[in-house]
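In: Quick one, fold the following:
(chains A and B)
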Amino acid sequence: MSEIIKLDKLTRKFGSMTAVKDVSFGVEKGSIFGFLGPNGSGKSTVIRMLCGLLEPTSGDAWLDGASVRENSERIKRNIGYMSQSFSLYRDLTVEENLAFYGRIYGLRRERLRKRIEESMELSGITSKRKQLSGTLSGGWKQRLALACSMLHEPGIIFLDEPTAGIDPVARRDLWELLFQLSKEGVTLFVTTHYMDEAERCTHIGYIFLSELMVCGKPAELKMMPEVTPAGTVWLEASSDRITQALSLMKKAPGVMDATIFGESIHIRAREGFGEREAALALEAGGVSLESFRAVKPSLEDVFVSLTRERLKARGAA
Amino acid sequence: MNFLTTFSAIVFKEALHLRRDPVTLVVTIAIPIFQLIVFGYAIDMEVKNIPTAVFDADRRAGSRELIAALANTEYFDFRENVSSEAELREAIVSGRARVGIHIPPDFTAGALNGSGSSFQALVDGSDSTVAMQAVNVVNSVGLMQSVGRLGRVDIEKLPVDARPRVLFNPDLKSANFFVPGLVGLIMQIVTVFLTAFAVVREKENGTIETLLATPLSRGGLMLGKLVPYAFVGFFEICVVLTLMRFVFGVRVNGDVGLLLLMCFVFLFTALGLGLLISTAAKNQAQAMQMALLVMLPSVLLSGFVFPRESMPAIIYYFSFLIPLTYFIEILRGIILRGADLSSLWSQALALAVYGAAILSLSTLRFSKKLS
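Out: Here you go, the predicted structure:
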């Protein structure tokens, strides 16, 4: 598989503040690339540089072989961009917004009409075509924004937190749409805070404090030695009184970290910490252990571990 | 290709914005009409119907004739009869009257016995224009009365017959001087404000973010933003010129076609100035302030109020930087003097070059990168 997006030491400074520092990675054609990181870590800045909205301070990136430094106008013809906040015209209807963007990309007459219909069809907003976009609810606005970004059939679509603030049903529908586009060979570059969405991506990059910490397939990230250092194991325990169980577990000898994950507790512990030790720890507080098994770390475990390691390393230095 | 694509897309979009916001459109069109009528009348320098009080101590044929003569000029509006000098003074001090006519008891008698008679006019000097006008009219009425009494002398054949003739504005109607300038000023105010928000609004609403991620042409964006407003402005100027003709009775002595053509050139320049502001401003409040900053010199230095010839040299040359300066000269030239392009070409050329420069500058200033 060829890399359709390639970043090489991409850096952006705002005054003395470095928003993005030496970020390098590649994205395979046709993949759904999940770009994760806490607020303010530099996700949007990277996207804006890739879309040609911001000039990199140093480093470069290539989209389909064209450099963002030198060929940003050429790149813009072949990308779609859905920004973090709704940035279409509120006083224009769904159809008018689509027609405007279609025209900007040089679509006309029959072809413009056809693409508007297809995009509305695919994103399911045909029924709202005459509605002013400012009066749409959050989920519909996102569908419209996505429809606008794919009108001109771009090879890459950038989506900056497309599901922030919309309900779970709308969120699922939007992802269905992304899978559909991906199946047609479109490369999707998506930022998100939701771990379940991250699990759906074919590839993931994690950025923290302006630097890329890790990049790869979700399964690969879970196998990383940094996440599961030699002599440690990931375990899952469940109990009828989960909150008490959590605080007991945290204090248990051999447990390095414990967090609630759904209806159970994810535990990172030293090797040798088994079901017997876990049961003992809980019984001391009068709580019983219902189930216990070894697991692979979740993506959340991966990011939390990596973040803690990095912060610890910073503190030490 | 890319220019035309962007241009037509933007024109279409801006037209939709205009249609979606009929309130702004109506206000935009109504404001100049309102301003022209209010200011047109307010700036009328001819003072008529000056509130006047009279203390007539004579009360005979002579004094009645004098009062009638003064009233006939239509400059004086006799509102009050008082019975003492003190009361006359009080009427002026209190502001009820601006002029007080005091006719002494021997006014008619003096005329009859040939010893001569006089009357006094007290004029409130707090408004110099009103005062000057009142003094002039009182003097000339006095002169006419004297001449009338000489009886035998024909007014048309005074020993010295000075006949000043005023060109282009024979009635010395101040409307003729002020209204064309006012048309220019109002059009500048409205048009600069029309486009001053055009780009900055996209920045404030965040729509610029998506727009900049497209292969948009800067020139197409600028011209596309300008053209729909140029049509609004052109409609506007037609309305305002019609009002000028039929409400203020200012005739266009020159070619109306040339006048409209020049209006179009001016519209592009003024709308371009608005766009320049819009690309420089960070938000709409800033754009508003910048637009106001352009307004003041336009009012004071364009020749609208003060003749530019009497300005200090530095300010005189500075006034060439104001597009309204050229437009007012063109307006007065075509409307009052019936001038044609052969005598106005330099101003017309300056305006066109100015417009092209401003539009190019705002296109260059518009950055396709976020800052």
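
In: Let me see the domain layout of the chain.
Out: As the question left the chain open, I've gone with chain A. A:3-222, A:232-296 (automatic domain parsing).

In: my bad, the chain I had in mind was chain B
Out: Domain ranges of chain B: B:2-43+B:173-365, B:50-157, per automatic domain parsing.

In: what's the least confident stretch among those domains?
Out: When those are compared on average pLDDT, domain B:50-157 comes out lowest at a mean of 82.

In: helices or strands up against the longest helix along chain A?
Out: The single longest helix within chain A, with elements called by DSSP state H, is helix A:299-316. Helix A:299-316 sits against helix A:195-200, strand A:203-208, strand A:211-216, helix A:218-222, strand A:255-261, strand A:264-270, with contacts defined as 3 or more CB pairs under 8 Å, 6 or more residues apart in numbering or on different chains; DSSP states H and E. Bear in mind the C-beta positions are built from the backbone N, C-alpha and C, glycine included.

In: Buried ones in it, by neighbour count?
Out: Buried residues in helix A:299-316, counting neighbours by 16 or more other CB atoms under 10 Å in any protein chain shown, are found at A:Leu299, A:Asp301, A:Val302, A:Phe303, A:Val304, A:Ser305, A:Leu306, A:Thr307.

In: Make TSV from the domains of chain B and add distance to chain A and mean neighbour count to it.
Out: TSV is the format used below for those (distance: least, CB to the nearest CB, whole Å; neighbours: other CB atoms under 10 Å in any protein chain shown):
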stretch	distance to chain A	mean neighbour count
domain B:2-43+B:173-365	3	19
domain B:50-157	48	16
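
In: Would you pull up how far the longest helix of chain A lies from the middle of the chain?
Out: Helix A:299-316 sits 18 Å away from the centroid of its parent chain (CA atoms, centre = their mean, to the nearest Å).

In: mean confidence score for that helix?
Out: 84.

In: what's whatever residue of the stretch 151-300 of chain A ends up closest to chain B in contact with, if anything?
Out: Closest residue of the stretch 151-300 of chain A to chain B, CB to the nearest CB: A:Phe158 (8.0 Å). For A:Phe158, the contacting residues are A:Ile47, A:Leu50, A:Cys51, A:Ile79, A:Gly80, A:Tyr81, A:Met82, A:Ser149, A:Phe189, by CB atoms under 8 Å, 6 or more residues apart in numbering or on different chains.

In: so it is in which element?
Out: Per DSSP states H and E, A:Phe158 falls inside strand A:156-160.

In: Also B:Ser146?
Out: Assigned by DSSP H and E, B:Ser146 falls in helix B:128-150.

In: May I have the distance across stretch A:88-100, first residue to last?
Out: End-to-end distance for stretch A:88-100: 10 Å, by CA to CA, to the nearest Å.

In: Check the offset of it from the chain's centre.
Out: Offset of stretch A:88-100 from its chain centre (CA atoms, centre = their mean): 27 Å.

In: contact partners of it?
Out: For stretch A:88-100, contacts defined as CB under 8 Å, 6+ apart pick out A:112, A:116, A:119-120, A:125, A:128-134, A:136, A:141, A:144-145, A:147-148, A:151, B:9, B:12-13, B:16-17, B:20-21, B:205, B:207, B:210.

In: re the thing from before, name the helices or strands packed onto the helix holding B:Ser146?
Out: So helix B:128-150, by 3+ CB pairs under 8 Å, 6+ apart, packs with strand B:50-56, helix B:61-72, strand B:120-123.

In: about what we covered before: redo the buried residues of helix A:299-316 as JSON lines? Include distance to A:Arg90.
Out: Below are the buried residues of helix A:299-316 laid out as JSON lines (distance: CB to CB, whole Å):
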{"residue": "A:Leu299", "distance to A:Arg90": "36"}
{"residue": "A:Asp301", "distance to A:Arg90": "41"}
{"residue": "A:Val302", "distance to A:Arg90": "40"}
{"residue": "A:Phe303", "distance to A:Arg90": "36"}
{"residue": "A:Val304", "distance to A:Arg90": "39"}
{"residue": "A:Ser305", "distance to A:Arg90": "43"}
{"residue": "A:Leu306", "distance to A:Arg90": "40"}
{"residue": "A:Thr307", "distance to A:Arg90": "38"}
